[in-house]
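**Q** need the 3D shape of this:
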Amino acid sequence: MALRTRRHRAAPGADDGSRRRRVPMRLLLPVLVLVALIAMLMLRGYVHSEILADHRIQPEAASDRVPEKIIDGGPVIDTRDGRTSSLSVPDHHLVLTFDDGPDPTWTPKVLDVLKKHHAHAVFFVTGTMTSRYPELVKRMVDEGHEVGLHTFNHPDLSYQSKKRIDWELSQNQLAITGAAGIRTSLFRPPYSSFADAMDNKSWPVTEYIGSRGYITVVNNTDSEDWKKPGVDEIIRRATPHHGKGAIVLMHDSGGDRHQTVQALDRFLPELQEQGYRFDNLTEALGAPSALTPVSGVDLWKGKAWIFLVRAADDITGVLVVGLAVIGSLVIGRFVLMLLLSGLHARRVRRKGFSWGPPVTEPVSVIVPAYNEAKCIENTVNSLMASEHPIEVIVVDDGSTDGTARIVEAMGLPNVRVVRQLNAGKPAALNRGLANARHDLVVMMDGDTVFEPATVRELVQPFADPRVGAVAGNAKVGNRDSLIGAWQHIEYVMGFNLDRRMYDILRCMPTIPGAVGAFRRSALERIGGMSDDTLAEDTDVTMALHRDGWRVVYAENARAWTEAPESVQQLWSQRYRWSYGTMQAIWKHRRALVERGPSGRFGRVGLPFVSLFMVVAPLLAPLIDVFLLYGVVFGPTQKTVVAWLGVLAIQAVCAAYAFRLDRERMTHLISLPLQQILYRQLMYVVLLQSWITALTGGRLRWQKLRRTGVVEAPGGPMPRQRAHSSSDRRPVA
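**A** As a prediction, this is how the structure comes out:
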């Protein structure tokens with residue numbers, strides 16, 4: 001303790017410098033990707049009025065505070081520089097105004113009709129629609145129309161603070177600048193009507209809008225085209241009486257506007273024949289244009305905004321496609337697992353099923369061990385209870401904790417210890433293989449215990465001479481903690497149910513290191529265990545497939561293994577598994593174009609493994625990201641129902657897997673929490689593995705800290721030590 005204190009206090013400057021470590025790229029990139037994804041979704045939600053949208057509408061109020069000249073005046077209201085005045089459009093001039101656009105479907109049709117009849121108009125555009133369809137706003141300006149602000153998110157401004165009003169105006173203006181390179185001084189409030197409808201709630205807003213340099217434009221006639229009353233009625237309501245000038249309210253967005261387009265195509269030539277001119281507002285008033293070109297920094301800010309919005313929309317569109325793909329993959333995998341695992345269970349459990357004559361020949365059991373002092377005694381004792389004749393070869397791979405001495409001190413018959421300098425697990429397995437006396441070889445981890453019948457059940461498929469390897473049923477022994485229970489669900493549902501499916505498809509990707517059996521001659525043909533990858537079990541399994549051997553699953557060959565008991569250890573293990581699997585897939589990629597058994601595995605097994613073990617888990621976070629977004633900003637009820645539906649499907653698969661494995665259903669209580677927390681950790685691990693692979697990183701073998709809690713089973717379940725053991729670490 002004193003040593004640690006002195007070390008902590010000595011040379012503070014140097015110590016601080018030594019602690020400044022750069023964040024590894026494999027950790028930094030996932031964080032940056034997550035932040036970018038969240039920012040992109042927030043931007044998209046804002047632009048699509050899913051975030052910060054306010055759909056409240058103010059009821060009618062008294063109008064005693066509104067000046068009479070405004071109520072009785074024209075539709076163009078000017079409150080700039082403290083003025084209180086209004087203007088009307090001259091007789092025989094009509095100013096067509098269109099609200100809520102631009103719309104990708106109807107705005108081009110409206111523009112086409114205006115161009116056809118040589119008419120100009122004013123488009124009061126929202127920032128959300130302008131940001132999404134900037135090319136339409138540019139077309140409006142290029143064809144001589146004026147544009148005006150209609151706020152960004154279309155809220156009723158009488159409910160909003162001055163800060164929010166400023167935000168709505170500035171963001172709307174930013175979008176217009178980015179789209180067309182101009183600023184506008186025209187403004188129309190959402191939900192506005194005639195000048196005489198101004199009341200004590202809307203008038204203060206109009207005054208404030210003027211103080212910000214904008215002219216407020218309402219209307220004289222309202223076509224009420226949003227009600228879709230019919231073409232004749234729209235024309236009747238839009239037409240002023242006795243040749244008077246007017247500002248006409250129409251809409252080019254917000255729904256089906258085909259009646260508006262049809263009415264416009266009749267309205268324009270009919271009133272032009274009556275001597276009316278269709279100008280934009282400043283043309284009708286004989287005033288300078290309301291549009292001002294923008295250059296410099298402000299222009300580039302606008303263009304940057306449009307770029308970001310388009311990027312967010314495009315990327316989100318790709319993600320939605322990815323979400324559909326992953327949803328199809330997940331559901332397809334569930335369906336395949338249910339159907340094929342059931343088929344496998346019926347096949348191997350039917351009365352009279354056998355692989356051939358009973359396999360009774362002795363078996364060599366190889367136990368690679370590196371610093372397994374806490375576990376090795378339980379492991380060897382469990383093998384001594386085997387119902388099948390075996391020899392046990394414990395390969396001590398340079399342990400420093402006395403693992404080899406513990407085994408030697410046990411003095412058990414048919415148990416040999418082979419020592420070697422630390423060279424890694426593949427080298428230890430090959431050393432054991434070289435010392436094995438028998439053709440059938442079982443490999444297990446040094447922290448695993450077997451049931452008495454495990455070896456016998458594991459080697460029975462070798463009665464079929466086509467079988468080169470057998471995967472056993474690995475189970476979590478330390479399932480009494482929350483993180484252990486989550487891994488128990490994963491092992492039963494994710495691993496063993498998968499193995500049944502892959503057995504039927506004849507493309508088993510992995511013989512688990514905890515419990516697997518091999519035909520020695522098959523291993524020798526492929527060169528033994530390879531150290532080319534960090535997942536030697538997956539590597540050797542793929543090599544056996546390519547060499548033409550069958551790899552099958554023995555459900556009754558149960559082995560109890562110690563799963564990681566802390567988040568850090570779990571991270572290390574799964575990081576190695578994920579990265580090693582990617583290495584194995586890459587190593588055996590040539591199988592895709594080869595013929596024979598190798599080609600069959602390459603065109604069936606590799607795509608399945610890549611989709612279900614690499615690509616699908618990588619894209620699966622999209623489900624959770626969109627779920628969280630939907631709960632917070634979207635249709636919460638529908639989103640929750642959809643998530644519960646997915647969870648129900650998973651629960652059905654999990655329950656079926658537990659039933660096949662004859663496991664108690666009580667552990668499934670933690671399934672919802674597993675989906676919320678545990679799965680996210682696995683996503684990040686896989687993403688980190690991808691980044692390590694893409695950046696050319698190197699990952700070392702990481703030894704997990706063992707506690708020896710899994711003992712030789714006295715029955716169907718292994719006995720476990722009490723939670724109070726000082727060797728146990730907390731879950732996280």
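**Q** low-confidence stretches in the protein?
**A** 1-27, 29-30, 620, 634, 693-732 (pLDDT under 70).
**Q** residue nearest the centroid of it?
**A** residue 622 (2.0 Å; CA atoms, centre = their mean).
**Q** wait, is it part of a helix?
**A** Yes - assigned with DSSP: H, G, I helix; E, B strand; the rest coil, residue 622 falls within a helix.
**Q** residue at max distance from the center of this structure?
**A** The chain, CA atoms, centre = their mean, max distance from centroid: residue 242 (62.3 Å).
**Q** what kind of secondary structure is it in?
**A** Of the three states, residue 242 takes coil according to three-state DSSP.
**Q** distance of it relative to residue 279?
**A** 20 Å (CB to CB, to the nearest Å). Just so you know, the C-beta spots here come from the backbone N, C-alpha and C atoms, and that holds for glycine as well.
**Q** and residue 314, by the same measure?
**A** On the measure of CB to CB, residue 314 and residue 279 end up 38 Å apart.
**Q** neighbour count winner among the two?
**A** Shown here are residue 314 and residue 279; by other CB atoms under 10 Å, residue 279 has more neighbours (23 against 12).
**Q** contacts only, for the more buried one.
**A** 93, 94, 95, 120 (CB atoms under 8 Å, 6 or more residues apart in numbering).
**Q** what's the helix or strand for the nearest residue to residue 621 once chain neighbours are set aside?
**A** Nearest residue to residue 621 in three dimensions, chain neighbours excluded: residue 683, at 4.5 Å (CB to CB, 6 or more residues apart in numbering). For residue 683, the host element (DSSP states H and E) is helix 679-694.
**Q** how far out from the middle of the chain is that helix?
**A** For helix 679-694, the distance from its own C-alpha centre to the chain's C-alpha centre is 12 Å (CA atoms, centre = their mean, to the nearest Å).
**Q** which elements pack onto it?
**A** helix 25-47, helix 567-587, helix 616-619, helix 621-632 (3 or more CB pairs under 8 Å, 6 or more residues apart in numbering; DSSP states H and E).
**Q** show me what counts as buried in the second one.
**A** Neighbour-count burial for helix 567-587, counted by 16 or more other CB atoms under 10 Å, picks out 569-585, 587.
**Q** just checking, next helix/strand downstream of the longest helix seen in the chain?
**A** As assigned by DSSP state H, the longest helix anywhere in the chain is helix 297-349. Downstream of helix 297-349, the first helix or strand assigned by DSSP H and E is strand 363-369.
**Q** any residues touching that following strand, and which ones?
**A** Contacts of strand 363-369 (CB under 8 Å, 6+ apart): 376, 379-380, 383, 388-397, 399, 403-404, 407, 425, 428-429, 432-433, 436-438, 440-446, 455, 459, 517, 520.
**Q** next: stretch 198-216.
**A** Taking CB under 8 Å, 6+ apart as the rule, stretch 198-216 contacts 58, 60-66, 70-71, 76-81, 83, 149, 157-158, 162, 165-166, 169, 185-189, 192, 290.
**Q** looking at the helices and strands packed on helix 679-694, spot the one closest to residue 415.
**A** helix 567-587 (27.8 Å; CB to CB).
**Q** which SSE is immediately downstream of that closest one?
**A** helix 596-600.
**Q** the helix or strand that that next one is followed by: which residues count as buried?
**A** Note on helix 596-600: by DSSP H and E, the next helix or strand toward the C-terminus is helix 606-609. For helix 606-609, burial by neighbour count (16+ other CB under 10 Å) applies to 606, 608, 609.
**Q** likewise stretch 600-613?
**A** 600, 601, 602, 604, 605, 606, 608, 609, 610, 611, 612, 613.
**Q** gap between residue 503 and residue 218?
**A** 74 Å.
**Q** and what of residue 404?
**A** From residue 404 to residue 218 the distance is 92 Å (CB to CB).
**Q** higher neighbour count, these two?
**A** residue 218 (24 against 21).
**Q** my read: that one touches residue 190, true?
**A** No - the pair residue 218 / residue 190 is not scored as a contact, 11.7 Å apart, by CB atoms under 8 Å.
**Q** return the distance of the longest strand seen in the chain from the chain's centre.
**A** Using DSSP state E, we find that the single longest strand of the chain is strand 550-561. Once both centres are worked out by CA atoms, centre = their mean, strand 550-561 turns out to sit 33 Å from its chain's centre.
**Q** packing partners of that strand?
**A** Contacts defined by 3+ CB pairs under 8 Å, 6+ apart place strand 550-561 against helix 297-349, strand 448-450, helix 454-459, strand 467-476, helix 497-505, helix 536-546.
**Q** give me that answer again for 7 Å
**A** strand 448-450, helix 454-459, strand 467-476, helix 497-505, helix 536-546 (3 or more CB pairs under 7 Å, 6 or more residues apart in numbering; DSSP states H and E).
**Q** now tell me what touches whichever helix or strand comes after the third one from outside.
**A** Proceeding N to C from strand 467-476, the next assigned helix or strand is helix 482-489, under DSSP H and E. For helix 482-489, the external contacting residues (CB atoms under 7 Å, 6 or more residues apart in numbering) are 476, 478-479, 563, 565, 570, 654, 667-668, 670-671, 674, 678, 731-732.
**Q** run the angle between helix 482-489 and helix 567-587 for me.
**A** Here helix 482-489 points in a direction 30 degrees away from that of helix 567-587 (axes from the mean of the first three to the mean of the last three CA atoms, to 10 degrees).
**Q** list the buried residues of helix 482-489.
**A** So for helix 482-489, counting by 16+ other CB under 10 Å, buried means 483, 484, 485, 486, 487, 488, 489.
**Q** now, among those, which is nearest to residue 662?
**A** residue 488 (13.6 Å).
**Q** please name the nearest non-neighbouring residue to the residue nearest to the centre of the chain.
**A** Nearest non-adjacent residue to residue 622 (CB to CB, 6+ apart): residue 323, at 4.7 Å.
**Q** beta partners of residue 559?
**A** residue 450, residue 474 (DSSP bridges).
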